[in-house]
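**Student:** 3D, please:
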Amino acid sequence: MTAAKAVVIFSGGMDSFTVLNMAVNQGYEVYALSFNYGQRHKKELDYAARACANLQVQHKIIDISAINELIGGSSLTSDIDVAEGHYEQESMLTTVVPNRNMILLSMAVGYAVSLKASKVFYGAHSGDHAIYPDCRPEFVIKMNDVCAIANYEAVEIVTPFLYDSKIAILKTGLNIGLDYGQTWTCYNGRAKACGKCGACQERLEAFAENGVNDPLEYE
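**Tutor:** Sure thing, here's the model as predicted:
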């Protein structure tokens, strides 16, 4: 019996790394899709490529960086300092990239239709809800409604961790033996993770709560 196909939006970070491995373990024929949207931490794409090579998963990195001519103003894509502090602090609003997930999901769904894949996975989780509207359940529900009718072939948006924290995501991954040294989280794309941005703080919190040392090096 031929395995069902699935597209996984894979940033190279912890959440999508866990989702990618889950999809592989569930027996899907996985097509990983990463985007260069001009993010300052595009180092994550190198991690994504290595992880897919290790898993022998088909992987595309698509350059859509020209989109920044339309959707600038985020500290992830424009010349604005990345805020330090916890995700839930108002300062982290500067990391919002306008309409990012709707754009990425739209392209991933088009890719899925061309592959005759019925599912697109992405790693939205509850820790993102405070800051990122396009990771909230109401967004995912509406996107699923649209993706059911946008093409002749319905595509389901699958978010296994939509109501879970990064702490829970890490616990799931550790339980199936994942090596998070293969992931990059920091919003600053320097040689080592900064340990101070919201992404780093949430990652470090997850490792601390799980009683495990983070394998990444920090400044």
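
**Student:** Could you pick out the longest helix of the chain?
**Tutor:** For the chain, the longest helix by residue count, based on DSSP state H, is helix 100-115.

**Student:** Residue 55 versus residue 27, what's the distance?
**Tutor:** 13 Å (C-beta to C-beta, to the nearest Å). Where C-beta positions appear, they are placed from N, C-alpha and C, glycine not excepted.

**Student:** Which one's more surrounded, these two?
**Tutor:** Neighbour count, other C-beta atoms under 10 Å: between residue 27 and residue 55, residue 55 has more, with 16 against 11.

**Student:** Surely that one is in contact with residue 24?
**Tutor:** Yes - counting by C-beta atoms under 8 Å, residue 55 does reach residue 24; the two are 5.9 Å apart.

**Student:** overlap in contacts of these two?
**Tutor:** Counting by C-beta atoms under 8 Å, 6 or more residues apart in numbering, the contacts common to residue 55 and residue 24 are residue 30.

**Student:** what sits against residue 8?
**Tutor:** Counted by C-beta under 8 Å, 6+ apart, residue 8 has contacts 16, 19-20, 23, 30-33, 120-122.

**Student:** can you check residue 33 too?
**Tutor:** Going by C-beta under 8 Å, 6+ apart, residue 33 touches 7-10, 59-60, 62, 107-108, 111.

**Student:** Relative to residue 120, how far out is it?
**Tutor:** Distance, residue 33 to residue 120, using C-beta to C-beta: 9 Å.

**Student:** swap in residue 200?
**Tutor:** Distance, residue 200 to residue 120, by C-beta to C-beta: 28 Å.

**Student:** what about residue 102, distance to residue 209?
**Tutor:** Counting by C-beta to C-beta, the gap from residue 102 to residue 209 is 31 Å.
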